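Peer 1: sequence below, structure please.
(chains A, B, C and D)
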Protein chains: 2
Amino acid sequence: MTGVFDALAADRSRLERAGAAQRVAEVLRDHITEGRLAPGTRLSEEALGEALAVSRNTLREAFRLLADQRLVVHELNRGVFVKVLNPGDVADIYTLRLALETAGVRALRSAASERLAAVRAALERAESAEALDDWVTVGTADLHFHQAVAGLAGSERIDECMAGLMAELRLAFAAVPSARGLHEPFLRRNQVLAGLLESGEIDDAEVELTRYLDDARAVIVRAMTGAGGQ
Amino acid sequence: MTGVFDALAADRSRLERAGAAQRVAEVLRDHITEGRLAPGTRLSEEALGEALAVSRNTLREAFRLLADQRLVVHELNRGVFVKVLNPGDVADIYTLRLALETAGVRALRSAASERLAAVRAALERAESAEALDDWVTVGTADLHFHQAVAGLAGSERIDECMAGLMAELRLAFAAVPSARGLHEPFLRRNQVLAGLLESGEIDDAEVELTRYLDDARAVIVRAMTGAGGQ
DNA sequence: GGCTAGGGGATTGTGGAACAATCCGACAAG
DNA sequence: CTTGTCGGATTGTTCCACAATCCCCTAGCC
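Peer 2: Below is the predicted model:
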């Protein structure tokens, strides 16, 4: 049944052209996660439709996609708004993050070797960005690092779930003034975590991961309530 | 800040009137999870729009909602189809289930008491349905039981994630001929698990849960490949 | 003065029709 | 048997119309 075309079949996803709704959703997602659309902004169907040159129907389909990624909230008869994260949301996100990343750590022994390589690769991207003082890129690499940790579980659904969580977290990052103060303290701890994983110390890695996420949550919540928190 | 209206606020979701798209999605979801729409069925926009008396616009919005719950798959220019679960999907679902339910067990000490009560309540619903030989209801209660276990974590996102997973699992259940053979062996193990939780034996509960899910996955995969496997 | 009630304007929710884009199956040609 | 091509059918997208709903503002009342 399976033949020499398996390598091609793996790239099948790249072949699927994106519909207009999907492309619109991607554009909006980028604008939101990069902070160009402030949380709370109302996304008017008419204004956006004109700006992006798509019809209201298509735009509404894009809104559905974004709503399921939790980047916007849809209020009946009022419209869609860029999601406003409150400290409770951040705590909730970190609860789920802990569950998913822990699952990755625990699956370490049965994980494919390239999965572990992805963890190291993300860490190195973060380090080289740090050398260039590019703290936004450090933040991106940090998210990729943790996605790779969860990815050790080798589950499509976990990967997708983490990707959504990370996009949502960017909303919180955008609200924090100093990207450096947010990421620098955790870079070294990423290195520690990667080391524990590569030497197979699962239990220690799990303990470190738990503390790590607890601390990170506290930092973000403090930054949110300190600055523009409601 | 919080006052005497908390109980009312909890019912807020029931108050939000549902748009037509949402109602259509619910109808379709019920038909799919109860097996009345066989996996692989193509959902024609024209035929369904006429049957449900809604426009194509509304129907397409409903399809987006279902696609994000993974109950249907949307293929560009080909339409939407009722999801066909393969054994790989089932394994993937159980990987994520293990992560979420484990998170619930581990949060047992800090869980609100009503969360643990929900676990017991679901178990009792399963037992009374068993006494009536109503194995479909037993299956529903079984899903609720495990949702309640994950719910111990007290995370909105985990709850929502589990709810989606359970709906997807029903697709697999629908493909298994004997509901009794599927659920009966696991009823007693649910009782064991609930006992461990109520007596606070977290580590033992986690071990039992891991074995439980591993066995359940194996049973379903065997049933799928044995009967109507692709 | 502050609160309630109601009206006007704007926006969303839904339906419907039209056309373009795409896919699939059938048939023909090599 | 494979490859090219055509035609029907379905989806993708746009545009328009109208009802439903919400928000703000004003008027009136206590």
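
Peer 1: quick one: whatever helix or strand A:R23 lives in near DNA strand D?
Peer 2: Assigned by DSSP states H and E, A:R23 belongs to helix A:20-33. Yes - Helix A:20-33 is in contact with DNA strand D by C-beta under 7 Å from any atom of the strand, via A:20-21. All C-beta spots, glycine's among them, are computed from the backbone N, C-alpha and C.

Peer 1: buried stuff in that helix?
Peer 2: A:20-22, A:24-25, A:28-29, A:32-33 (16 or more other C-beta atoms under 10 Å in any protein chain shown).

Peer 1: residues in contact with it?
Peer 2: A:18, A:37, A:43, A:48, A:52, A:54, A:58-59, A:61-63, A:65-66, A:69, A:71-72, A:82-83, A:167, A:170-171, A:174 (C-beta atoms under 8 Å, 6 or more residues apart in numbering or on different chains).

Peer 1: is any part of it close to DNA strand C?
Peer 2: No - using C-beta under 7 Å from any atom of the strand, helix A:20-33 stays clear of DNA strand C, coming no nearer than 10.3 Å.

Peer 1: and the next helix or strand after that helix, what does it pack onto?
Peer 2: For helix A:20-33, the following helix or strand on the C-terminal side (DSSP H and E) is strand A:42-43. On a contact count with 3 or more C-beta pairs under 8 Å, 6 or more residues apart in numbering or on different chains; DSSP states H and E, strand A:42-43 meets strand A:79-82.

Peer 1: what's the helix or strand that comes right after the strand it packs on packed up against?
Peer 2: Counting by DSSP H and E, the next helix or strand C-terminal to strand A:79-82 is helix A:87-106. Helix A:87-106 is packed against helix A:135-151, helix A:156-174, helix A:202-226, helix B:87-106, helix B:156-174, with contacts defined by 3+ C-beta pairs under 8 Å, 6+ apart.

Peer 1: how about those, which one is nearest B:L196?
Peer 2: Closest of those to B:L196 is helix B:87-106, at 8.8 Å (criterion: C-beta to C-beta).

Peer 1: ok, and for that closest one, which residues are buried?
Peer 2: Buried residues in helix B:87-106, counted by 16+ other C-beta under 10 Å: B:87, B:89-90, B:92-106.

Peer 1: where are the low-confidence patches of chain A?
Peer 2: Along chain A, the model assigns pLDDT under 70 to residues A:1-17, A:227-230.

Peer 1: so which bits of it are right by DNA strand D?
Peer 2: A:19-21, A:53-58, A:61, A:76-78.

Peer 1: now distance to B:E114 too, for those residues, in a markdown table please.
Peer 2: Output for the residues of chain A next to DNA strand D, formatted as a markdown table (distance: C-beta to C-beta, whole Å):
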| residue | distance to B:E114 |
| --- | --- |
| A:G19 | 44 |
| A:A20 | 46 |
| A:A21 | 41 |
| A:A53 | 51 |
| A:V54 | 46 |
| A:S55 | 47 |
| A:R56 | 44 |
| A:N57 | 43 |
| A:T58 | 44 |
| A:E61 | 39 |
| A:L76 | 30 |
| A:N77 | 34 |
| A:R78 | 32 |
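
Peer 1: so which of these wins on neighbours?
Peer 2: Counting neighbours by other C-beta atoms under 10 Å in any protein chain shown, the top entry in the residues of chain A next to DNA strand D is A:E61, with 22 neighbours.

Peer 1: ok, now how distant is the most centrally placed residue in chain A from B:G88?
Peer 2: Most central in chain A under C-alpha atoms, centre = their mean is A:M166, positioned 1.6 Å from the mean C-alpha point. For A:M166, the distance to B:G88 (C-beta to C-beta, to the nearest Å) stands at 24 Å.

Peer 1: where does A:G200 fall, helix, sheet strand or coil?
Peer 2: coil (DSSP: H, G, I helix; E, B strand; the rest coil).

Peer 1: need the contact list for it.
Peer 2: Counting by C-beta under 8 Å, 6+ apart, A:G200 touches A:108-109.

Peer 1: now it. Its backbone dihedrals?
Peer 2: Torsion angles at A:G200 (phi, psi; degrees, to the nearest 10) stand at phi 80, psi 20.

Peer 1: kindly provide the distance from it to DNA strand D.
Peer 2: 47 Å (C-beta to the nearest atom of the strand, to the nearest Å).

Peer 1: what about that residue, distance to chain B?
Peer 2: To chain B, A:G200 is 20 Å away according to C-beta to the nearest C-beta, to the nearest Å.

Peer 1: before we move on, what about A:Q191?
Peer 2: The gap separating A:Q191 from chain B is 25 Å, by C-beta to the nearest C-beta.

Peer 1: quick one: what helix or strand has that residue in it?
Peer 2: helix A:179-198.

Peer 1: buried ones in that helix?
Peer 2: The neighbour-count check on helix A:179-198 (16+ other C-beta under 10 Å) flags A:179, A:182-183, A:186-187, A:190, A:193-194, A:196-197 as buried.

Peer 1: got the residues of chain A near chain B?
Peer 2: Contacts of chain A with chain B, taken as C-beta under 8 Å from any C-beta of the partner chain, map to A:16-17, A:19, A:57, A:60-61, A:64-65, A:68, A:76, A:92-93, A:95-96, A:98-100, A:102-103, A:107, A:153-158, A:161, A:165.
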